[in-house]
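Trainee: Need a 3D model of the sequence below.
(one chain, ligands or ions: 1)
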Amino acid sequence: MCGIVGYTGKSSALTPVLEGLRRLEYRGYDSAGIAIPVGIGQPLWVEKRAGKLGNLEQTLDGTSPQSHSGIGHTRWATHGGPTDRNAHPHLDNEGKLALIHNGIIENYVELRSELEAKGHHFVSETDTESVVHLLSDARKAHDGDLAAAMRDVCARLRGSFTLLAIHSDDPDRIVGARRNSPLVVGVGDGENFLASDVAAFITHTKRALELGQDEVVDITPTSIVITNLAGDVLPPHEYEISWDASAAERGGFSHFMLKEIYEQPKAIADTLIGRINGFDAHLTSGIDLAHIKKIVIIAAGTAFHAGLVGKYAIEQWSGLAVEVELASEYRYREPIVDRTTLIIPISQSGETMDTLMAMRYAKSHGAQIFSVCNTNGSTIPRESDAVLYTIAGPEIAVASTKAFITQLIAMYLIGLHLGQFTGVITAEFVAQMHDELAELPDKVEQVLETVEPLRTLTRQFKDSSSMLFLGRHVGFPTALEGALKLKELAYMHAEGFAGGELKHGPIALIDIGTPVVAVMPNVDTLLAEKMASNVQEVKARGAVVIAISNGEVPAANHVIRIPSTHDLLTPVLAVVPLQVIAYEMAVARGNDVDQPRNLAKSVTVE
Ligand code: M6R
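Mentor: Numbers count the residues shown, from 1 in each chain. The predicted structure is shown next:
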């Protein structure tokens, strides 16, 4: 959702704050703002603008103030439209206290009435503004102690939040807090940082501190104090950021998404390191597998599609029943869950609120949690019994690509591991599958070397109103993923269907010229034969069919060839052309590839 940055140190704050915002813009780009102290006890200097960060940057020039601390925000609007007035930071009535926020304050209406009755004047429609007024009163009650005020305020808030505040009376100090929303501390030399994500300060320091739930952090250039809401000082949990700053740069590619598509071979290889060919014995340590009767995968969006593929692999290899649930639906239907259930949340960010809440619900009913996550130190892995980290590196584009492909790899690793545990598969089979997995980086590389014609082909359909994706077995979730990518990037109607379901309704959508992508990876299988019939059916009604396959598909108008692999592993190869189609279509339609409209990378609200 929103991106948050705070800096206090020796540099002029404008530079690290704007640089941090640029790196966090993937989190939200409806508006952006910055607050900087310009003198002790003076009103803060605040600049904020609707639209992308670029709009804000255009208003800044050589006359912008130099100061050694500041906070900045890039917004994904929830309460109040994306206007200048609703942009963060929000100020108290003296203009000396500024606050930025990510999340939703559920009790803001009652707080606002209470504060208005006390004489506070509001200027925006946001939930956040109630918090800055509340903080202003609390700070006065605590004789100017901003951290103590923040603790009091957090105790009164319902909902989810990351908050950062700065006051001009104590300009070197920034106070932050978090509940169900990310906040990390960057530990520098004579300078410190607060941010939603380490990407904001990775060029300055690789030392980071985790913050737990309902913790308040108080930073100056030379000190970092973390407390709980009762005011007890807590020991810091420091970790080193393993990836390099260049991982968060575009590196010559026109978009992050394209770069991330091309990083997939490496992401797969990195995720496999130390986990195949005899090194997978400890994959689930921390989990009591002996009592597991059922597995429930919970996830959202693309991660949900990885979970759907996981169901096929895990059930087939382990003999354990697997359900896959949309995280946003799970806890509201009172699911049957207890100690014999293994919950596998899948999340790139580790912060998706729907997934987190579903996981907490299951945990409170006794389930064990084994998460799959790409973000070290994020909330979902922190609250899990065990974690399998995907090693995709930072994914900046809003549309998930390399994170998805590594989530698939995680599903296979888990399936093979559980299969050995239950005894359904032999050690020889596991070794064979590990070899197949090890070949995937090269095979994805081969796909990437041959997708060029697909880019030209995709442009032919740029004015189509709709595109359909068909698949069977693991090709079905692959088709769903292809459709989601196209929707979010090309803003084009797209749907994924199971091939066998076509005749039950969706075939009515086919018209002359409707583009249909048929995912039919391994030609010599029964499923491919069935898919070939589906291709005939849609072609007979005027569709233009692009088949994704390892061989000839005579009925198709175009065939995009991919290498052969084990049936269950085919989504890893078949999804790559689908990503390219979505990317190319977005470019052809003039859309913002990395920051598609209305979306944000990490969805930290329910
Ligand atoms: O961070 P997560 O993996 O939990 O995110 C889940 C979804 O929000 C995410 O996959 C979303 O669907 C992507 N934008 C899809 O490209």
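Trainee: pLDDT below threshold where in the stretch 251-400 of the chain?
Mentor: Across the stretch 251-400 of the chain, nothing is flagged by pLDDT under 70.
Trainee: for the ligand, what are the nearby residues on it?
Mentor: Within the stretch 251-400 of the chain, the positions near the ligand by CB under 6 Å from any ligand atom are 300, 301, 302, 303, 347, 348, 349, 352, 355, 398, 399, 400. Heads up, the C-betas are built off the backbone N, CA and C, glycines and all.
Trainee: Which helix or which strand is home to the third one?
Mentor: Using DSSP states H and E, residue 302 falls within helix 301-318.
Trainee: Tell me the buried residues in the next helix or strand after that helix?
Mentor: Counting by DSSP H and E, the element after helix 301-318 in chain order, helix or strand, is strand 321-326. Across strand 321-326, burial judged by 16 or more other CB atoms under 10 Å covers 322, 324, 325.
Trainee: With neighbour count as extra columns, can I get the residues of the stretch 251-400 of the chain next to the ligand in JSON lines?
Mentor: As requested, those are exported to JSON lines (neighbours: other CB atoms under 10 Å):
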{"residue": "300", "neighbour count": "22"}
{"residue": "301", "neighbour count": "23"}
{"residue": "302", "neighbour count": "22"}
{"residue": "303", "neighbour count": "25"}
{"residue": "347", "neighbour count": "31"}
{"residue": "348", "neighbour count": "29"}
{"residue": "349", "neighbour count": "24"}
{"residue": "352", "neighbour count": "29"}
{"residue": "355", "neighbour count": "30"}
{"residue": "398", "neighbour count": "22"}
{"residue": "399", "neighbour count": "30"}
{"residue": "400", "neighbour count": "27"}
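Trainee: Show me where the stretch 351-500 of the chain has its strands.
Mentor: 368-373, 386-389, 466-471, 493-498 (DSSP state E, counting those that start in this stretch).
Trainee: residues in contact with the third one?
Mentor: The one in question is strand 466-471. 461, 477-480, 482-483, 486, 492-499, 502, 506, 509-510, 514-520, 531, 534-535, 538, 543, 574, 578, 581, 585 (CB atoms under 8 Å, 6 or more residues apart in numbering).
Trainee: Whichever of the residues you listed end up buried, select them in ChimeraX.
Mentor: Restricted to buried positions by 16+ other CB under 10 Å, the ChimeraX selection for the contacts of strand 466-471 reads:
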select :461,477,478,479,480,482,483,486,492,494,495,496,497,498,499,502,506,509,510,514,515,516,517,518,519,520,531,534,535,538,543,574,578,581,585
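Trainee: Now do the end-to-end distance for stretch 327-335.
Mentor: End-to-end distance for stretch 327-335: 12 Å, by CA to CA, to the nearest Å.
Trainee: Go through the buried residues of strand 321-326 and name the one nearest residue 236.
Mentor: Residue 236 has its nearest neighbour among those in residue 325, at 35.8 Å by CB to CB.
Trainee: residues contacting that closest one?
Mentor: Residue 325 touches 296, 297, 298, 335, 358, counting by CB under 8 Å, 6+ apart.
Trainee: before we move on, what about residue 51?
Mentor: Counted by CB under 8 Å, 6+ apart, residue 51 has contacts 29, 30, 31, 32, 82.
Trainee: redo that, cut-off 7 Å
Mentor: The neighbourhood of residue 51, defined by CB atoms under 7 Å, 6 or more residues apart in numbering, consists of residue 31.
Trainee: Now the phi/psi pair for it, please.
Mentor: Backbone torsions of residue 51, given as degrees, to the nearest 10, read phi 90, psi -170.
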